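J.: Mind looking at a prediction? Sequence and model below.
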Amino acid sequence: MIGTDQETDLVDWQKTERDGTTVYELEYSAPVSEPTGRPRTLFGATSGGTVPAAEQSVQLPDGERIPVTDVTFEAEGTTLRIRLEEPSLLARLRRALPWWTRA
């Protein structure tokens, strides 16, 4: 789950829609910051190793997994907002034609 660790727990969350965009608001027990890198504890593989950027995802509280390339983050105090963005044309092509990007 994004944002949780030994010192920070997820307290509450809600899924809303703003301006036609899905937004998850996650409330934590301590102040949080926007994810900036791709640490293993937040994204992708838990068994070690590197996960290619195209395969990294965020697991949301309702169990849905979203590619990292399709979300933006906004942190304010103990609240983290995750906004689902429309994937770019290039991202959609990479998903539909995975062999196209592997040379």
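T.: Structure's in. What do you need?

J.: Report how many residues lie close to Val71.
T.: 19 (other Cβ atoms under 10 Å). (C-beta placed from N, C-alpha, C; glycine too.)

J.: Relative to Tyr24, how far out is it?
T.: Distance of Val71 to Tyr24, computed by Cβ to Cβ, to the nearest Å: 9 Å.

J.: okay, and the common contacts of those two?
T.: Common contact partners of Val71 and Tyr24 (Cβ atoms under 8 Å, 6 or more residues apart in numbering): Ile82, Leu84.

J.: just so I have it, where are all the strands in the protein?
T.: 10-18, 21-28, 57-59, 65-67, 71-76, 79-84 (DSSP state E).

J.: Could I get those in JSON lines, plus columns for distance to Leu97 and mean pLDDT?
T.: Below are the strands of the chain laid out as JSON lines (distance: least, Cβ to Cβ, whole Å; pLDDT from 0 to 100):
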{"stretch": "strand 10-18", "distance to Leu97": "31", "mean pLDDT": "92"}
{"stretch": "strand 21-28", "distance to Leu97": "26", "mean pLDDT": "92"}
{"stretch": "strand 57-59", "distance to Leu97": "19", "mean pLDDT": "85"}
{"stretch": "strand 65-67", "distance to Leu97": "15", "mean pLDDT": "85"}
{"stretch": "strand 71-76", "distance to Leu97": "22", "mean pLDDT": "89"}
{"stretch": "strand 79-84", "distance to Leu97": "23", "mean pLDDT": "91"}
